[in-house]
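Trainee: Quick one: sequence and predicted model below, then my questions.
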Amino acid sequence: MVTLNLTILVQVGLFLAFMWAMNRFVFRPLLRVMDAREAQIDDNNATAQQQAERADQLEKGYAAKVAAIHREASQTVLEAHRRAQKEHNERVEGLKKQEEEELAAVRAAAAPQIAAQRAHYPQLTGELVALAAQRLRLGGRSS
């Protein structure tokens with residue numbers, strides 16, 4: 001059987017006084033600090049989430065702008081290449097025409113000389129035959 005004496009009552013009273021003092025001066029301030037810190041962490045997390053979403057949006061916008069710039073640059077390079085190729089072809093055609101004209105002029109200038117040489121050919125043929133026979137000692141002297 002439990003006997004109640006003054007010592008147990010004093011101990012229970014001191015324990016209750018201790019619990020009241022701990023609750024008032026330690027636990028409540030500690031819980032307030034912990035709640036405030038938790039609220040601050042939640043706010044920081046929300047801010048970080050918003051900033052991450054904003055960063056994602058900016059990154060997507062940047063990627064879209066870079067892609068557009070790359071497309072535009074590729075198109076510009078392609079157009080420049082086509083223009084250069086066209087100019088090159090035009091220059092080549094111009095040079096070909098110029099060369100053909102010069103060649104025609106040279107042929108026209110050489111035509112009378114060729115005709116004169118062709119007229120002189122039968123005479124040269126006889127002389128060449130005589131020289132060849134002479135060199136081969138077929139009835140002539142060698143020089």
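Mentor: Structure's in. What do you need?
Trainee: Near Tyr62, how many other residues are there?
Mentor: Residues lying near Tyr62 (other Cβ atoms under 10 Å) number 10. The C-beta positions use only the backbone N, C-alpha and C, and glycine is treated the same way.
Trainee: correction: Ala130
Mentor: Ala130, neighbours per other Cβ under 10 Å, totals 13.
Trainee: likewise Phe25?
Mentor: Phe25: 10 surrounding residues under other Cβ under 10 Å.
Trainee: Now do it against Arg83, distance only.
Mentor: 86 Å (Cβ to Cβ, to the nearest Å).
Trainee: Relative to Val77, how far out is the most centrally placed residue in the chain?
Mentor: Centroid-nearest residue in the chain: His70, 7.4 Å away (criterion: Cα atoms, centre = their mean). Per Cβ to Cβ, His70 is found 10 Å from Val77.
Trainee: and if you look at Ala64?
Mentor: With Cβ to Cβ as the criterion, Ala64 and Val77 are 20 Å apart.
Trainee: ok, back up a step: residues in contact with the residue nearest to the centre of the chain?
Mentor: With Cβ atoms under 8 Å, 6 or more residues apart in numbering as the criterion, no residue contacts His70.
Trainee: Quickly find the element holding it.
Mentor: According to DSSP states H and E, His70 maps onto helix 28-135.
Trainee: number of nearby residues for Gln134?
Mentor: Gln134, neighbours per other Cβ under 10 Å, totals 14.
Trainee: Would you mind measuring from it to Leu124?
Mentor: Separation of Gln134 from Leu124 (Cβ to Cβ): 15 Å.
Trainee: go on, Ala104?
Mentor: Ala104 is 28 Å from Leu124, by Cβ to Cβ.
Trainee: try Thr76
Mentor: 66 Å.
Trainee: do Ala21 as well
Mentor: For Ala21, the distance to Leu124 - Cβ to Cβ - is 142 Å.
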